[in-house]
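*Asks:* what follows is a predicted protein model with its sequence.
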Amino acid sequence: MLSLFSSGRTALAAAAFLVAGAVQAAPVVWAITGPGTTSALQAGVTATLSYNHSPASTGTWQVRGTAVEAGDYSFDWNYSGFHAFFRVTAFLGSTDGDTLVNAGPESCCTEPSAGFNYSGSYTFTGLTAGEVFGFNLGGSHSDSDRRLIGSLLLTQTSMVSAPGTLALAGLALLALGASTRRKS
């Protein structure tokens, strides 16, 4: 194999090709369940999960996906919505038990009252292939408006590399090192 890489440049190019050409896992496909009307729109690595529950003063929704393969999955998230004006709460948490948003109760006009918009990132670590994971979100109010409207935008920022890709890249880097030593 070392004879395939006659120069350091060739080995470096091969390593770059292996890393850049790494086969990535398919994006997580998301679903949302809970009261009222829900929708899930997905385009590649970005998904928008929405709810509209009216007339209501409280609600909880579950957003779930399934790990395509074992590893860590990272996401940027944006949770926005409108839960009325008086004694408004909004929450977002992971199925790992981590709290990402715990806002309220607030009355007009401090967030989450009169609308809210929270952002962050989150990583699920050590998932097994086929494992179901996700987020729980929702909130409440004590208003005569009686609407709960919200949307969770998820963008997958890291995907698990296909098995063996990093091993191949490692072999190419070893070949680079060996060819460099031979020249010296």
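*Replies:* Done, it's in. Numbering: from 1, shown residues only.

*Asks:* tell me the SS of L49?
*Replies:* strand (DSSP: H, G, I helix; E, B strand; the rest coil).

*Asks:* number of residues surrounding the residue nearest to W61 when sequence neighbours are not counted?
*Replies:* Sequence neighbours aside, G34 is the residue nearest to W61 in space, at 3.3 Å (criterion: CB to CB, 6 or more residues apart in numbering). Using the backbone N, CA and C atoms, a C-beta is placed for each residue, glycine as well. When neighbours are defined as other CB atoms under 10 Å, G34 has 18 of them.

*Asks:* quick check, G34 in contact with G59.
*Replies:* Yes. At 6.3 Å, G34 counts as touching G59 under the criterion of CB atoms under 8 Å.

*Asks:* quick check: neighbours shared by those two?
*Replies:* Residues touching both G34 and G59 by CB atoms under 8 Å, 6 or more residues apart in numbering: 51, 53, 138.

*Asks:* how much space between the spatially most central residue of the chain and S121?
*Replies:* Central residue of the chain (CA atoms, centre = their mean): F75, 2.5 Å from the mean position. Noted for F75: a distance of 7 Å to S121, by CB to CB, to the nearest Å.

*Asks:* list residues touching both of those two?
*Replies:* Shared contacts of F75 and S121 (CB under 8 Å, 6+ apart): T157.

*Asks:* by neighbours, which of the shared contacts of G34 and G59 wins?
*Replies:* Neighbour counts for the shared contacts of G34 and G59 peak at Y51, which has 25 neighbours (criterion: other CB under 10 Å).

*Asks:* hmm, it is touching Q62, no?
*Replies:* No. Contact criterion CB under 8 Å: Y51 and Q62 do not qualify, at 10.4 Å.

*Asks:* what sits in contact with each of the two?
*Replies:* By CB under 8 Å, 6+ apart, Y51 and Q62 have these common neighbours: 32, 34.

*Asks:* got the domain ranges for the chain?
*Replies:* In terms of domains, the chain is parsed into 1-23+162-184, 25-160 (source: automatic domain parsing).

*Asks:* show me how far the last one is from its chain's centre.
*Replies:* This means domain 25-160. The chain centroid and the centroid of domain 25-160 are separated by 11 Å under CA atoms, centre = their mean, to the nearest Å.

*Asks:* after whichever strand or helix holds G139, which helix or strand is next?
*Replies:* G139 is located in strand 132-140, with elements delineated by DSSP states H and E. Later in the chain than strand 132-140, the nearest helix or strand by DSSP H and E is strand 148-158.
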